[in-house]
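Peer 1: make a model of this:
(2 chains)
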There are 2 protein chains.
Amino acid sequence: MDITGAILIGSTDRTAGTTFDAVNPATGAALTPSFAEAGPADVADACALAADAFTVFSDLAPEQRAQFLEAVAEQIAAIGDVLIERAMAESGLPRARLEGERGRTIGQLKLFASVVRQGDWVDATIDPALPDRAPLPRPDLRRRNIAVGPVAVFGASNFPLAFSVAGGDTAAAFAAGCPVVVKGHPAHPGTGELVARAVRAAVAAQGLPEGVFSYLPGTTNDLGGALVADPRIKAVGFTGSRGGGLALVRIAAARAEPIPVYAEMSSINPVVLFPGAAASRGAALGTAFIQSLTMGAGQFCTNPGLVVAVEGPELDAFIEAAKAALAVSPAQQMLTPGIHGSYCHGVDALAAHPAVDVLARGLVGEGQGQAQGALFATTVEKFLADAALGHEVFGSSSILVRARDMAEVTTLLEGLEGQLTATILFDEADEALVAPIIPILARKAGRILANGWPTGVEVAHAMVHGGPFPATSDGRTTSVGTLAIDRFLRPVCYQGLPDSLLPAAIQSANPWKLARRMDGTIERG
Amino acid sequence: MDITGAILIGSTDRTAGTTFDAVNPATGAALTPSFAEAGPADVADACALAADAFTVFSDLAPEQRAQFLEAVAEQIAAIGDVLIERAMAESGLPRARLEGERGRTIGQLKLFASVVRQGDWVDATIDPALPDRAPLPRPDLRRRNIAVGPVAVFGASNFPLAFSVAGGDTAAAFAAGCPVVVKGHPAHPGTGELVARAVRAAVAAQGLPEGVFSYLPGTTNDLGGALVADPRIKAVGFTGSRGGGLALVRIAAARAEPIPVYAEMSSINPVVLFPGAAASRGAALGTAFIQSLTMGAGQFCTNPGLVVAVEGPELDAFIEAAKAALAVSPAQQMLTPGIHGSYCHGVDALAAHPAVDVLARGLVGEGQGQAQGALFATTVEKFLADAALGHEVFGSSSILVRARDMAEVTTLLEGLEGQLTATILFDEADEALVAPIIPILARKAGRILANGWPTGVEVAHAMVHGGPFPATSDGRTTSVGTLAIDRFLRPVCYQGLPDSLLPAAIQSANPWKLARRMDGTIERG
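Peer 2: Below is the predicted model of the structure:
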């Protein structure tokens, strides 16, 4: 499988007059080949094909759609090492990380295949007719979920496989029955094209309409804007910056028909260190904190960007260990020159902030675009006095917030914006202090972690990788885990239709053998 | 229980410097007493109380919240005939209709109580820890749904009981665990106050925090705007006009923290009459159509405002019967002078439209504010040439659209905006024509009805009273039926917490005896 730099509109390759190059962030060197910049005509054609494919794709029996998802997984596996090598060159991420990420990508496609087969996503619900009910009979009512329509997916820079072309959003949209048009991330266009060709091969192998998938490489905001504005697109999945996500939200809201945007945007992932844990194992926690902070150059949505604790001698051991660990922590390659520039800008602004002290810095990098870790400190009062201190600095930067007492910890937590995660570090002796904090954290975050670190997001049924604004633009959903399929579904009720005209999911004979809610109670299929 | 004209902030009654009067639409006479106009300070205080009440109310065990819903139902029943008489005077609706609507209001509160008890709404999901998994262990992950926070509810003019103060939105929000602040509809403030006092009595009787419910009567857009803008409000339920709904959507989107608005706005509820049914029973269908059109002066969200059929002799019997039925159809009282004025304006505009013919009018009313039914005709081509012809005229007005063939019927349906309902009238011989239409209707509407009429919305598990924009602002949900509880829930994941700190819903011992998804498979509690 070759990288050609093409735009993939269904089964057709296209070139363009304007091109761009991928850059190796470690060397600054351009990688070959050049990539076509997709434009408005490409957007329109991809969306038209997606709309054409919708009815067939969304009406597939679960087994067929599950087989398609598995075929995508197999085609990605079949690309082989060229995928890993290209992703390493484009992202600066190490081999082991990318091999693990490929495994996650393939695993989540297969997990969604199992979800599609199992069929709970249909939420098949039947209220049988009550012809003799007084004063009025009840008609036969049957409800099922259907796909919302073609979906636009914007890949993330920091997961060139697991949250890009065939990543979580695409897998969830496919699982729901939505054709997908991907706006490829310009930081890894070759990786993107390899995966896009794998998806296309799976579409062809399964005999599906070509419009089930298209891939639009490009660097401009106009490209993404045109895609979200296209009237055939019915939902958007995005992972990236707050500014980028909000721009898409605004475009979607201004359409003649507004559509949902699922944008995962920014989070500082507060960590609450309780006194007992600080006293009993403060030093160990301080070291572990820096490990989580600096992993992958801190380029995770769930990076721990804030630690709050009551000041005092118990906290000092944590701080000293964290400072010592960070001071010897090597600088790490960042994903792009732009991300590195933003990181340096954010760290410099904190270092220069009059309310903030620099506790420690990591080692200075020797190559281009390497992140030097940073740990700052302030107080609750000062933190709450400037909203800018609560904004995410994407990378290995964190701020320790000293509280005078637990009441001030509570004040800080109440003052935070919405978060993807909130972490509590505590011993059994702390539980009376922890218990009243948990409902506050549940209002603020999508995931609450006990005695762990927020980096590392399990792809599972119970996972929530989401949270109140501005962590995401829609805190009712998740981008990671099987619940993500719900983003791309909507309910339709069928009243009084004969079996011959009903979709299979809600026909009386239950040909798909779904679990169905009959008169309010779920019955096994 | 007396009507005092007060603002109800939790358990406190308030007056205001500015007041307004309820008007009997049949006489134009003001009704006593005058009602306080709630203002910004009332909004702020109601929302502060709601936020204070949130944690306690949202954490109630299902049995306790179910008992509260049942207590609200009982308190409404206990108001007695004064509620019906006041609602008749304020709305012009007849006694039988309002008694039925009271039954529906009480019934849906009790239905939600049963839903809360049953517990599927929690979506309790547990992925147990896999400590020995390689290369990394899996942590214990548990997910449950929690209430989104305090909810603002805007009552509908056309259902002064079932979709107003303690109507569908309020019942669904309470069921989810959300405190509710109601912006009372100024067309029925006395009815609203009676119901509000019943809700307050239930809050007190159950020993719940007073902030679980507040009631803000008023006439201004500023009142509603201030409520939606209040940072403590986390979701909005609205039923009304497209203009009103979109205004709230804009306010919600412009907040520092944008929130979801569930606005049910406008729908013309297309009816597709197939040739076989027209031929075999066109006259009967024509008469039944006018019955549905004129029921309740046409003041239903699901009123059949458009009929499309292939022209020809089969259609003529339908048209002649409809014309004859409408010509003898009595004018009916509308809800408010304003609604009557809008209806007359909409009908006059259609009558004067060069692309539209007047087929028939109903009888002229003898009293104030009565709706004279109206049936118009045009062609597919003309209909699609002017988007204004597809806008809802709230009341007993409908337009018959003649198609040359089924291809033109399809073109019309593809050209429609999103709808609450779509109705198909067909005989067995039509099924080959019907089958390809159904997927189109499923993309356009929340409910597809066969051989019935869209007016009459069952409160049931399988009901969808929703649909793509502009029928609603969020086509992923319903406002009627038990699925509405999902509007006011969001998922939270708990990772690695000991049972002692977990919410009851996901504790290992399953104290609530919920059905739970264990490792992806639902197990009975």
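Peer 1: tell me the contacts of the residue lying closest to residue A:215 once chain neighbours are set aside?
Peer 2: Nearest residue to residue A:215 in three dimensions, chain neighbours excluded: residue A:196, at 3.6 Å (C-beta to C-beta, 6 or more residues apart in numbering or on different chains). Glycine gets a C-beta too; all of them are placed from N, C-alpha and C. Contact analysis of residue A:196 by C-beta atoms under 8 Å, 6 or more residues apart in numbering or on different chains lists A:8, A:165, A:166, A:182, A:184, A:213, A:215.
Peer 1: which residues does residue A:146 form beta bridges with?
Peer 2: Counting by DSSP bridges, residue A:146 forms beta bridges with residue A:490.
Peer 1: what's the spacing between it and residue B:138?
Peer 2: Taking C-beta to C-beta, to the nearest Å as the measure, residue A:146 falls 32 Å from residue B:138.
Peer 1: check residue A:46 too.
Peer 2: For residue A:46 relative to residue B:138 (C-beta to C-beta), the value is 38 Å.
Peer 1: what's the answer for residue A:141, then?
Peer 2: From residue A:141 across to residue B:138, the span is 40 Å (C-beta to C-beta).
Peer 1: one more: residue A:62?
Peer 2: Taking C-beta to C-beta, one finds residue A:62 at 26 Å from residue B:138.
Peer 1: these two: which is more packed in?
Peer 2: More crowded of residue A:62 and residue B:138, by other C-beta atoms under 10 Å in any protein chain shown: residue A:62, with 22 against 14.
Peer 1: how near is that one to chain B?
Peer 2: For residue A:62, the distance to chain B equals 15 Å [C-beta to the nearest C-beta, to the nearest Å].
Peer 1: let me see the contact set for that residue.
Peer 2: Contacts of residue A:62 by C-beta under 8 Å, 6+ apart are A:116, A:117, A:119, A:512.
Peer 1: which members of those are positioned in helices?
Peer 2: Of the positions in these, A:116, A:117 sit in helices, assigned by DSSP state H.
Peer 1: for chain B, what are the nearby residues on the stretch 251-400 of chain A?
Peer 2: When proximity is defined as C-beta under 8 Å from any C-beta of the partner chain, the stretch 251-400 of chain A approaches chain B at A:253, A:257, A:258, A:259, A:260.
Peer 1: doesn't residue A:390 make contact with residue A:378?
Peer 2: No: shown here, residue A:378 and residue A:390 do not form a contact pair, counting by C-beta atoms under 8 Å, at 10.8 Å.
Peer 1: report the closest residue of the stretch 251-400 of chain A relative to chain B.
Peer 2: Using C-beta to the nearest C-beta, the single residue of the stretch 251-400 of chain A nearest to chain B is residue A:257, 4.7 Å away.
Peer 1: how near is that residue to residue A:246?
Peer 2: From residue A:257 to residue A:246 the distance is 20 Å (C-beta to C-beta).
Peer 1: higher neighbour count, the two?
Peer 2: Neighbours per residue, other C-beta under 10 Å: of residue A:257 and residue A:246, the larger number sits with residue A:246, 17 against 14.
Peer 1: so what pLDDT did the more buried one get?
Peer 2: On the pLDDT scale, residue A:246 is placed at 96.
Peer 1: again, but for residue A:473
Peer 2: Residue A:473 is given a pLDDT of 97.
Peer 1: list the contacts for the nearest residue in space to it that is not next to it in sequence?
Peer 2: Among residues not flanking residue A:473 along the chain, residue A:263 sits closest, at 4.1 Å (C-beta to C-beta, 6+ apart). Listed by C-beta under 8 Å, 6+ apart, the contact set of residue A:263 reads A:236, A:238, A:239, A:240, A:244, A:245, A:246, A:248, A:249, A:472, A:473, A:474.
Peer 1: would you agree the residue of the stretch 251-400 of chain A closest to chain B is in contact with residue B:468?
Peer 2: Yes: using C-beta under 8 Å, residue A:257 is in contact with residue B:468, at 7.1 Å.
Peer 1: who touches both of those two?
Peer 2: B:417, B:418.
Peer 1: tell me the secondary structure for the residue nearest to residue A:473?
Peer 2: Counting by DSSP: H, G, I helix; E, B strand; the rest coil, the backbone at residue A:263 sits in strand.
Peer 1: all strands for the stretch 151-300 of chain A, in order.
Peer 2: Secondary structure of the stretch 151-300 of chain A (DSSP state E, counting those that start in this stretch): strands located at A:151-154, A:180-183, A:213-216, A:235-239, A:261-264, A:270-273.
Peer 1: elements contacting the last one?
Peer 2: Pointing back at strand A:270-273 there. helix A:275-294, strand A:306-310, helix A:406-415, strand A:419-425, helix A:437-444 (3 or more C-beta pairs under 8 Å, 6 or more residues apart in numbering or on different chains; DSSP states H and E).
Peer 1: can you do 6 Å?
Peer 2: In terms of contacts (3 or more C-beta pairs under 6 Å, 6 or more residues apart in numbering or on different chains; DSSP states H and E), strand A:270-273 is packed against strand A:306-310, strand A:419-425.
Peer 1: partners of that strand in the sheet?
Peer 2: Partners of strand A:270-273 in its sheet, by DSSP bridges: strand A:306-310 (parallel), strand A:419-425 (parallel).
Peer 1: what comes into contact with it?
Peer 2: Here strand A:270-273 makes contact (C-beta atoms under 6 Å, 6 or more residues apart in numbering or on different chains) with A:304, A:306, A:307, A:308, A:309, A:422, A:423, A:424, A:425.
Peer 1: would you turn the residues of the stretch 251-400 of chain A next to chain B into CSV with distance to residue A:444 and pLDDT?
Peer 2: Output for these, formatted as CSV (distance: C-beta to C-beta, whole Å; pLDDT from 0 to 100):
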residue, distance to residue A:444, pLDDT
A:253, 25, 95
A:257, 32, 94
A:258, 27, 95
A:259, 27, 97
A:260, 22, 97
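Peer 1: what's the neighbour count on residue A:193?
Peer 2: Residues near residue A:193, counting by other C-beta under 10 Å: 27.
Peer 1: pretty sure it contacts residue A:3?
Peer 2: Yes: using C-beta atoms under 6 Å, residue A:193 is in contact with residue A:3, at 5.2 Å.
Peer 1: and the lowest-mean-pLDDT helix or strand in chain A, which residues are buried?
Peer 2: The weakest-scoring helix or strand in chain A, judged by mean pLDDT, DSSP states H and E, is strand A:521-523 (a mean of 91). Neighbour counts over strand A:521-523 (16 or more other C-beta atoms under 10 Å in any protein chain shown) mark residue A:522 as buried.
Peer 1: one more: stretch A:207-219?
Peer 2: So for stretch A:207-219, counting by 16+ other C-beta under 10 Å, buried means A:208, A:209, A:210, A:211, A:212, A:213, A:214, A:215, A:216, A:217, A:218, A:219.
Peer 1: what do you get for stretch A:506-523?
Peer 2: A:506, A:507, A:510, A:512, A:514, A:515, A:516, A:517, A:520, A:522.
Peer 1: can you give me the strands for the stretch 351-500 of chain A?
Peer 2: In the stretch 351-500 of chain A, the strands defined using DSSP E, counting those that start in this stretch lie at A:357-361, A:370-371, A:374-379, A:397-403, A:419-425, A:445-450, A:489-495.
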